[in-house]
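>>> whatever this is, show me its structure:
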Amino acid sequence: MKVSLSLGYSLTKYLLKNKLFSKKRFPLVLMLEITHACNLACEGCGRIREYKETMREMLSTEECLRSVDECPAPVVTVTGGEPLMHPEIDKIIEGIVAKKRHVYMCTNGILLKDTLKKLRPSKYFNINVHIDGLAKTHDAIAGKGVFERATQAIREAKRAGFKVCTNTTIFKNTSEAEIEELFSFLEGLGVDGMLVSPGFSFEHNKNEIFLCRHEVQERFGFIYSISGRYKVLNSPLYLKFLKGERHLKCTPWGNPTRNYLGWKSPCYLITDTHYKTFAECMNCTDWAKYQEGRDPRCKDCMMHCGFEPSVVLGGGKRLSDIIEMAKWSFR
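Numbering: from 1, shown residues only. This next block holds a predicted model:
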């Protein structure tokens, strides 16, 4: 199954509860940036530019768990920077799991092998390793030898009983042949699923390696065509949106971001301000402006953190969509 029974149950119960109370806006995934410190300086990373003044600051374990209590999202993505650089990463993960939230810990994999002994497998805990291509491509972006260290850590994590998925950003020079070879290689490692994202420029992230909208549509037409053969975790309706077959409105409140400076508004990619509380962020942000794409910074955005929630909250209105989503879920 693309979604575990445990996660499927949690999401269904959460969605029904919010629909029952006619709640108009509610989060699906909390993006918890516990630190922006990183042991890499990847080409294309916007965080090292946006937060250069606070790169070494970290959320305390207590702040992390309080943020999880503030935001009711059933899924928490623990990210950074490199979250494994946080000295209490094990306590943070254990604390979130104890609240029965589903955790996806995002990592570049360099420190993962040594950190595994501090962590415990759980049906609520997933490790997400960033792999941007085969060795030559990934090392050109992340640094020499990073691909080997990351993939070896994936092997160790799977042997230790952890659930592991990967996240791959597709750039301008990524070929279709490499994408398919990478998918085959990752499945050979035993990964439980693969997320794929288009690489494109945004406010703090301008680089010639990124894709324009036309190039995204071309690349993700190919990814949609092979997604049935591999454990691709992106929903088929989102992939259809990326390849230009569907129109989706952004759901900017679907994946709220919390970091050292506060609750980031309006979204993961754009920063206008940081609020002190989740409630303040939800109540004070002009969501309609960003949902309708009226901000010029939203013009080329097709990011999963804004549009995958749109699929979950209303993308399956056609019978054909419902059937396709059901087939995808159980594949």
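
>>> the helices in the stretch 201-331 of the chain, which residues?
Counting by DSSP state H, counting those that start in this stretch, the stretch 201-331 of the chain has these helices, from start to end: 213-226, 236-242, 278-284, 287-291, 304-314, 319-330.

>>> other SSEs contacting the third one?
Under the contact definition 3 or more Cβ pairs under 8 Å, 6 or more residues apart in numbering; DSSP states H and E, helix 278-284 sits against helix 61-70, strand 262-266. Every residue, glycine included, has its C-beta placed from N, CA and C.

>>> what stretches of the stretch 1-150 of the chain score poorly on pLDDT?
Low-confidence segments of the stretch 1-150 of the chain, defined by pLDDT under 70: 1, 41-49.

>>> need the helices of the stretch 201-331 of the chain in TSV (columns: mean pLDDT).
Listed next are the helices of the stretch 201-331 of the chain as TSV, based on pLDDT from 0 to 100:
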stretch	mean pLDDT
helix 213-226	86
helix 236-242	91
helix 278-284	98
helix 287-291	91
helix 304-314	88
helix 319-330	70
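
>>> most packed of those?
Mean neighbours per residue, mean count of other Cβ atoms under 10 Å, is largest over the helices of the stretch 201-331 of the chain for helix 236-242, with a mean of 23.

>>> hmm, who's touching it?
Taking contacts as Cβ atoms under 8 Å, 6 or more residues apart in numbering, the residues outside helix 236-242 that touch it are 198, 216-217, 220, 223-224, 227, 232, 246-248, 302, 304, 307-308, 311, 315-316, 321, 324-325, 328.

>>> which residue ranges of the stretch 151-300 of the chain form strands?
Per DSSP state E, counting those that start in this stretch, the stretch 151-300 of the chain carries strands over the ranges 163-170, 193-198, 257-259, 262-266, 271-275.

>>> mind checking which of the ones you listed is nearest residue 295?
strand 262-266 (8.1 Å; Cβ to Cβ).

>>> what packs against the closest one?
The helices and strands touching strand 262-266, judged by 3+ Cβ pairs under 8 Å, 6+ apart, are strand 257-259, strand 271-275, helix 278-284, helix 287-291.

>>> that strand pairs with which strands, parallel or anti?
Strands that pair with strand 262-266, judged by DSSP bridges, come out as strand 257-259 (antiparallel), strand 271-275 (antiparallel).

>>> a markdown table for those, including distance to residue 17 and mean neighbour count?
What follows is the strands paired with strand 262-266, written out as a markdown table (distance: least, Cβ to Cβ, whole Å; neighbours: other Cβ atoms under 10 Å):
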| stretch | distance to residue 17 | mean neighbour count |
| --- | --- | --- |
| strand 257-259 | 22 | 25 |
| strand 271-275 | 24 | 16 |
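
>>> which one of these lies closest to residue 132?
The minimum distance between residue 132 and those falls on strand 257-259, with 21.5 Å, by Cβ to Cβ.

>>> now do the longest helix along the chain: which elements does it pack against?
When the chain is parsed with DSSP state H, its longest helix is helix 5-20. For helix 5-20, the helices and strands in contact under the criterion 3+ Cβ pairs under 8 Å, 6+ apart are strand 102-107, helix 304-314.

>>> mind putting these in JSON lines, distance to residue 76 included?
Written out in JSON lines, the entries for the helices and strands packed on helix 5-20 read as follows (distance: least, Cβ to Cβ, whole Å):
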{"stretch": "strand 102-107", "distance to residue 76": "5"}
{"stretch": "helix 304-314", "distance to residue 76": "13"}
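
>>> rewinding a little: for residue 83, which of the strands of the stretch 151-300 of the chain is the nearest?
If we rank these by Cβ to Cβ, the stretch that ends up nearest is strand 257-259, at 11.6 Å.

>>> just the residues contacting that closest one, thanks.
Applying Cβ under 8 Å, 6+ apart, the contact partners of strand 257-259 are 30-33, 36, 51, 59, 67, 71, 263-264, 267-268, 274, 278.

>>> could I get the strands paired with strand 262-266 as JSON lines with distance to residue 80 and mean pLDDT?
Listed next are these as JSON lines, based on distance: least, Cβ to Cβ, whole Å; pLDDT from 0 to 100:
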{"stretch": "strand 257-259", "distance to residue 80": "9", "mean pLDDT": "97"}
{"stretch": "strand 271-275", "distance to residue 80": "16", "mean pLDDT": "95"}
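
>>> now render these as TSV, adding distance to residue 86.
As requested, the strands paired with strand 262-266 are arranged in TSV below (distance: least, Cβ to Cβ, whole Å):
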stretch	distance to residue 86
strand 257-259	12
strand 271-275	20
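
>>> who wins for proximity to residue 177 among the helices and strands packed on helix 5-20?
With distances scored as Cβ to Cβ, the stretch of the helices and strands packed on helix 5-20 nearest to residue 177 is helix 304-314 (23.7 Å).
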